[in-house]
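Asks: sequence and predicted structure are below.
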Amino acid sequence: MKYIGNCKEWIQPWWIERILSTDGDISPLHQPQNQNGELPEQQELYKNFCSAGFDKRKFYVNMYTQNKTKDILDFKVEAPELIDMTGKVWKWWFIKTMPGQLSHWHFDPHTVYYKDSERYWIALHDYEPGQIFTWKGGKLLTDFIAGDIFKFDKPHMMHGTANISMNPRYSFQCTVHKPEKVSLYNKKYYTID
Amino acid sequence: MKYVGNFIDKVPDGLIETLLTEDGEITPVYQPDKWQGSPEIEAALKQVEDAGYPALDYYFHQYTDNTKCMQSFVDDLKWLKLDGVVPRRFDRHHWWIVKYNPGDMQPMHVDPHVRDAKECLRYTMMLTDFAEGHILTHDDFMLTDYKAGDLFLWEDYYCYHGAVNIGYTPRISLQVSFYNK
């Protein structure tokens, strides 16, 4: 994860209030429609996920997706200046991970299907031990403060999240890309960060 | 955590296979009876309750010298007194093994049994190789790149730590505490 800079002024406190006080879209850990996709890597990962034995009824994250989630339909979000949008479009979503929730080790398939994808993660609160973002190589994202922007090393980088702390963990996610698709992939939303 | 060395040759034959196949003691994450005895520990329990963990009904797997499937290994685990590793004698010594299957976790916590220790040495030996998604963390630290048999000494035996498995394979570790009260 490459640190890009801080955009604390960009964060609107009322976004946070809304996200903390609503459920958004409950996005279960097990999403066969999304996880068992077209890519061989995706299918392999899905097999591993199924055989790992996660309790598929237990885990979910709260998603707040651009132009989709009722709780945030009034959010008009412009990209922070530190993210170069020249000639590009974006998808964005917020994720709230409550204590005890997780997203297993995965990559984001939607990043593969758009030309020149760039995947970003923006902290909406300061780091707290037990709020896990881990990525390839046994790395742990720590010591960030609200507004810190990180760019994924590769848009389809393997990663996973968990919250074993005592407070909600929430962040802003976006994928910036050229409008052209690399292949036909018509899923409108992909819902695990 | 300070690396001490690799002791895989001390791990009894068949132990890891047994741990992988046997459930051991199903240990709830929320244990209100265990989290009593001081205002500090009771405050920690309240944090766990306020965070919503009791309703999640989570558990992990624990193995001690009382666990049925461990009985054939108890004699072979006497080496866990770690003679030659532990620099001095302690009044108390005990070990336990934990297994986190994918999705299992222990929220951030301190170990209450050493809360009032005058001195303590706390070791962890990993019994599975590191795999992505196997999380043992404290502060801004995560333990990685280890092999089964690697033994680590905790720099702060009473640190706030936690574990979760978001990977695809079980994660097993053995804990040993030496302490005086």
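Replies: Received it, and whenever you're ready, just let me know what you need.
Asks: which residues touch residue B:161?
Replies: Residue B:161 makes contact with B:108, B:109, B:110, B:136, B:137, B:138 under the criterion CB atoms under 8 Å, 6 or more residues apart in numbering or on different chains. For every residue, glycine as well, the C-beta is placed using N, CA and C.
Asks: can you rerun that using 10 Å?
Replies: Remark: with contacts taken as CB atoms under 10 Å, 6 or more residues apart in numbering or on different chains, residue B:161 is in contact with A:129-130, A:164, B:1, B:106, B:108-111, B:124, B:136-139, B:141, B:143, B:154.
Asks: of the residues you listed, which belong to strands?
Replies: B:106, B:108, B:109, B:124, B:136, B:137, B:138, B:141 (DSSP state E).
Asks: out of the residues you listed, flag the one nearest to chain A.
Replies: Within these, proximity to chain A (CB to the nearest CB) peaks at residue B:108, which comes in at 4.0 Å.
Asks: tell me the pLDDT of that closest one.
Replies: Note on residue B:108: pLDDT of 96.
Asks: what about it, distance to residue A:157?
Replies: As judged by CB to CB, to the nearest Å, residue B:108 and residue A:157 stand 26 Å apart.
Asks: which one of the two is surrounded by more residues?
Replies: Neighbours per residue, other CB atoms under 10 Å in any protein chain shown: of residue B:108 and residue A:157, the larger number sits with residue B:108, 25 against 16.
Asks: which of the ones in strands among the contacts of residue B:161 are buried, as a ChimeraX select command?
Replies: In ChimeraX, a selection of the buried entries from these looks like this (16 or more other CB atoms under 10 Å in any protein chain shown):
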select /B:106,108,109,124,136,137,138
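Asks: of the ones in strands among the contacts of residue B:161, list those near chain A.
Replies: Contacts with chain A within these, as defined by CB under 10 Å from any CB of the partner chain: B:106, B:108, B:109, B:137, B:138, B:141.
Asks: next up, the contacts around the residue of chain A found nearest chain B.
Replies: Going by CB to the nearest CB, chain B is nearest to residue A:138 of chain A, at 2.9 Å. Counting by CB under 10 Å, 6+ apart, residue A:138 touches B:130, B:131, B:132, B:133, B:134, B:135, B:142, B:143, B:144, B:145, B:146.
Asks: please apply the same query to residue A:173.
Replies: With CB under 10 Å, 6+ apart, residue A:173 has these contacts: A:63-65, A:91-95, A:108, A:119-122, A:193.
Asks: CA atoms of the helix or strand hosting it as CSV?
Replies: Residue A:173 is part of strand A:169-177, with elements assigned from DSSP states H and E. In CSV, the C-alpha atoms belonging to strand A:169-177 read as follows (Å, rounded to 0.1, in the frame of the first residue of the first chain):
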residue,chain,number,x,y,z
ARG,A,169,-14.1,0.3,11.7
TYR,A,170,-15.1,2.3,8.6
SER,A,171,-13.3,3.5,5.5
PHE,A,172,-13.9,4.9,2.0
GLN,A,173,-13.0,2.8,-1.0
CYS,A,174,-12.7,3.7,-4.6
THR,A,175,-11.6,2.3,-7.9
VAL,A,176,-10.5,4.8,-10.6
HIS,A,177,-10.3,3.6,-14.1
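Asks: sheet partners, orientation included, of it?
Replies: In the sheet, strand A:169-177 lines up against strand A:89-97 (antiparallel), strand A:118-123 (antiparallel) (DSSP bridges).
Asks: may I have the phi/psi pair for residue A:71?
Replies: Backbone torsions of residue A:71, given as degrees, to the nearest 10, read phi -60, psi -20.
Asks: cool, and residue B:70?
Replies: phi -100, psi -10.
Asks: longest helix in chain B, by residue count?
Replies: In chain B, assigned by DSSP state H, the helix with the most residues is helix B:39-51.
Asks: backbone phi and psi for residue 9, please?
Replies: In the absence of a named chain, this looks at chain A. phi -60, psi -20.
Asks: please go with chain B instead
Replies: Main-chain torsions, residue B:9, degrees, to the nearest 10: phi -70, psi -10.
Asks: what's the closest non-adjacent residue to it?
Replies: residue B:149 (7.4 Å; CB to CB, 6 or more residues apart in numbering or on different chains).
Asks: how about residue B:36?
Replies: Once flanking residues are discounted, residue B:36 sits nearest to residue B:42: 6.4 Å by CB to CB, 6+ apart.
Asks: return the set of buried residues in the helix or strand bottoming out on mean pLDDT in chain A.
Replies: Among the helices and strands of chain A, helix A:32-35 carries the lowest confidence by mean pLDDT, DSSP states H and E, at a mean of 74. Neighbour-count burial for helix A:32-35 flags A:34, A:35 (criterion: 16+ other CB under 10 Å).
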